[in-house]
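[1] Turn this into a structure:
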Amino acid sequence: MRNFLPVHRVIPIVVCVFAGVACGDMGRLSLPAPEALKRIEDLRGLLDRDPTDADAWAESAWLLYRYGQDTDGALDAAERACAIDPGHFKAHELAGRLSFLRARNSRALDHWLTLLDDDRPEAQLYAAAVVSLATSQDDVDRVMDRIERLSREAGSAVLRTIARRSWGEFLLSQSKIDEADRVFAGLGLIDRWMIVSPFANERNAGFHTEYGPEDEIDYAKEYA
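    Numbers count the residues shown, from 1 in each chain. Alright, predicted model coming up:
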């Protein structure tokens with residue numbers, strides 16, 4: 001069994017996703033309240049005429065959440081957008097966010113795992129967030145299976161690196177030290193250092209003395 005992340009680690013990671021970045025373009029949609037409420041009514045009319053407009057459902061979801069104080073209505077609208085357009089990034093972001101706020105972690109994972117198929121930079125945020133949300137063994141299994149595949153196959157080098165680190169930490173939590181070492185080795189981290197020290201510092205004289213390594217780079221040289 002995996003050692004699940006404690007709550008104090010889960011909450012900061014997820015809150016970072018919610019801090020405004022995650023909502024992307026919709027997160028920057030800031031309107032005076034009367035205009036926002038009017039826009040909600042306009043969208044209702046539009047969706048009555050064309051209930052297949054995923055963008056309109058997604059915008060309505062954000063406005064209902066931000067201005068309408070209607071979390072249930074916002075979640076329903078976001079879910080409708082996802083059903084109409086399964087690849088709608090903003091709808092899945094918001095549906096995941098609202099599901100999390102309703103303590104539906106597994107459903108939030110359904111949405112946020114979908115985001116990892118996208119190469120846009122925002123997807124990188126969710127590689128860490130989905131690991132934090134996995135609180136049941138079934139969720140851990142499906143999340144880590146996805147993370148392991150991302151560590152090999154993600155189109156973004158940054159996303160591959162994030163996934164590889166998460167995968168390595170998971171292996172460590174399972175006491176699979178050798179496998180974790182191989183994963184971390186692929187990150188290209190510096191793990192071998194050359195140290196030059198110590199130098200004399202009688203009466204703090206060393207602070208005003210120029211030593212050889214400060215003037216040249218010669219890895220084969222020794223200093224006395």
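[2] which residues in this protein form helices?
    Here the chain has its helices, by DSSP state H, at 7-18, 24-27, 33-49, 54-66, 71-84, 89-101, 105-115, 123-133, 137-153, 157-173, 177-185, 212-215.
[3] winner for burial among these?
    Ranked by mean neighbour count, the helices of the chain are led by helix 89-101 with a mean of 25 (mean count of other CB atoms under 10 Å). Just so you know, the C-beta spots here come from the backbone N, C-alpha and C atoms, and that holds for glycine as well.
[4] Counting by contacts, list what it packs against.
    Secondary-structure packing of helix 89-101 (3 or more CB pairs under 8 Å, 6 or more residues apart in numbering; DSSP states H and E): helix 7-18, helix 24-27, helix 54-66, helix 71-84, helix 105-115.
[5] Now those in TSV, please, with extra columns for mean pLDDT and distance to residue 90.
    Formatted as TSV, the helices and strands packed on helix 89-101 follow (pLDDT from 0 to 100; distance: least, CB to CB, whole Å):
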stretch	mean pLDDT	distance to residue 90
helix 7-18	43	14
helix 24-27	46	6
helix 54-66	92	5
helix 71-84	94	8
helix 105-115	91	10
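[6] Please name the residues that touch residue 143.
    Contacts for residue 143 (CB atoms under 8 Å, 6 or more residues apart in numbering) come out as 109, 113, 130-131, 133-134.
[7] Would you mind measuring from it to residue 42?
    39 Å (CB to CB, to the nearest Å).
[8] before we move on, what about residue 121?
    Distance from residue 121 to residue 42, by CB to CB: 31 Å.
[9] ditto for residue 80
    Residue 80 is 17 Å from residue 42, by CB to CB.
[10] now do residue 185
    Taken as CB to CB, the span from residue 185 to residue 42 is 56 Å.
[11] Over to residue 49?
    To residue 42, residue 49 is 11 Å away according to CB to CB.
[12] next one: residue 82
    From residue 82 over to residue 42 the distance is 22 Å, taken as CB to CB.
[13] Equivalent analysis for residue 213, please.
    69 Å.
[14] go on, residue 87?
    Distance, residue 87 to residue 42, by CB to CB: 26 Å.
[15] Over to residue 203?
    Look at residue 203 and residue 42: by CB to CB, they are 78 Å apart.
[16] Verify the stated contact: residue 106 with residue 136.
    Yes: between residue 106 and residue 136 there is a contact under CB atoms under 8 Å: 7.1 Å.
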